[in-house]
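Colleague: let me see the structure of the following:
(3 chains)
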Amino acid sequence: MEVEVESFVPELPEVETVRRGLERTVLDRRIVEVTVRNAKVLKGQSEAELRERTVGRLITQAQRRGKYLLLPLADTETNRLTVPEDSSPSFFLCIHLKMRGQLRVEASDAEPGPYHCVTLLLEEALGGRKALRFYDMWTWGELRALRQEEIGTLAPSLAQMGEEPLEPSWGAANLGAKLRGRKTAIKPTLLDQRVVAGVGNIYADESLFLSGIHPERPANSLSPEETDRLAQAVRTVLTEAVEGGGTTSDNYFDVAGLPGRFTPQVYDRGGEPCSNCATTLTRIRLAGRGTVFCERCQPAVIVR
DNA sequence: ATAGCGCCCTGGTGGC
DNA sequence: TGCCACCAGGGCGCTA
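Modeller: Model (predicted):
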């Protein structure tokens, strides 16, 4: 079987889908062996250190912050059932998929697919084994085991990262405060992880389309009503995408190999008719990013 | 402060 | 038909 590992962009919904997949498949499994085939994804961490920090430990949770996956690892010695207050993780497996990274849970005897970088061999409760594999065609992604206090070295800094847009507390008030005083165009502002966590190119375009806001509008030019519409659109789009298991792509799969079912309205559809008014969608380059929008549904208030 | 680069990397594409 | 320059993309880090 040929395993395709190409062209998809992991943003919040895709990472969340992977997180949920991991939650179903690797919790309370013990890491018994680490194989590194391409050390570039370790981003400077030595294979020996990765091994020291992971082998023999249990994956106790699958957490997500923005586009980061954080898997707390507990020492085997720690009895989580009887001493829960002592179960603070000794290390976190920190994973960022960047552009092309993929995590897959596979049979331990399955041959690794192309672009295989790291395999964590996991021992199951009844003694069986499975493989958690990290694939990355471009090796931009990262997989490291960090101490809790080292997590601050992740970039963008988790401390500086904006709020989670799917948290109930997030909304127009938070977004509006972040946009205040920013002259930068709204599209690249949404991509800034310090503004809001987890939004990437797909969902920035989708949110702006849904809220009827032109991507080149200066961030601080949005009215309170527009800010409110945008915040709601971000939430709606991300929620639908999470429910759909990520964006449809020929080559996007979750950890079990299932495709995403969210279909973008504008992303990657330049030249196609707008789903709302049939106007041909415009594609521009904005702050170095491909940007698609509808000139009729997302009018520019500022005329150049 | 912030915009605009180059960098990391490789498969796909368009031009010749 | 083949070669090759070029592009996409997240996020950092540097420069202006």
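
Colleague: so what's the backbone phi/psi at A:Leu50?
Modeller: Taking degrees, to the nearest 10, you get phi -60, psi -40 for the backbone angles of A:Leu50.

Colleague: show me what contacts it?
Modeller: With contacts taken as Cβ atoms under 8 Å, 6 or more residues apart in numbering, A:Leu50 has the following neighbours: A:Val34, A:Val36, A:Leu42, A:Val118, A:Leu143, A:Arg144, A:Ala145. The C-beta positions use only the backbone N, C-alpha and C, and glycine is treated the same way.

Colleague: export those as JSON lines, with columns for secondary structure, pLDDT and neighbour count.
Modeller: Converted to JSON lines, the contacts of A:Leu50 look like this (DSSP: H, G, I helix; E, B strand; the rest coil; pLDDT from 0 to 100; neighbours: other Cβ atoms under 10 Å):
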{"residue": "A:Val34", "secondary structure": "strand", "pLDDT": "96", "neighbour count": "18"}
{"residue": "A:Val36", "secondary structure": "strand", "pLDDT": "95", "neighbour count": "20"}
{"residue": "A:Leu42", "secondary structure": "helix", "pLDDT": "93", "neighbour count": "20"}
{"residue": "A:Val118", "secondary structure": "strand", "pLDDT": "96", "neighbour count": "24"}
{"residue": "A:Leu143", "secondary structure": "strand", "pLDDT": "94", "neighbour count": "23"}
{"residue": "A:Arg144", "secondary structure": "strand", "pLDDT": "93", "neighbour count": "22"}
{"residue": "A:Ala145", "secondary structure": "strand", "pLDDT": "94", "neighbour count": "25"}
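
Colleague: what's the closest of the residues you listed to DNA strand C?
Modeller: Distance to DNA strand C across these (Cβ to the nearest atom of the strand) is lowest for A:Arg144, with 13.7 Å.

Colleague: okay, and the beta partners of the closest one?
Modeller: Partner residues in beta bridges with A:Arg144: A:Cys94, with DSSP bridges as the criterion.
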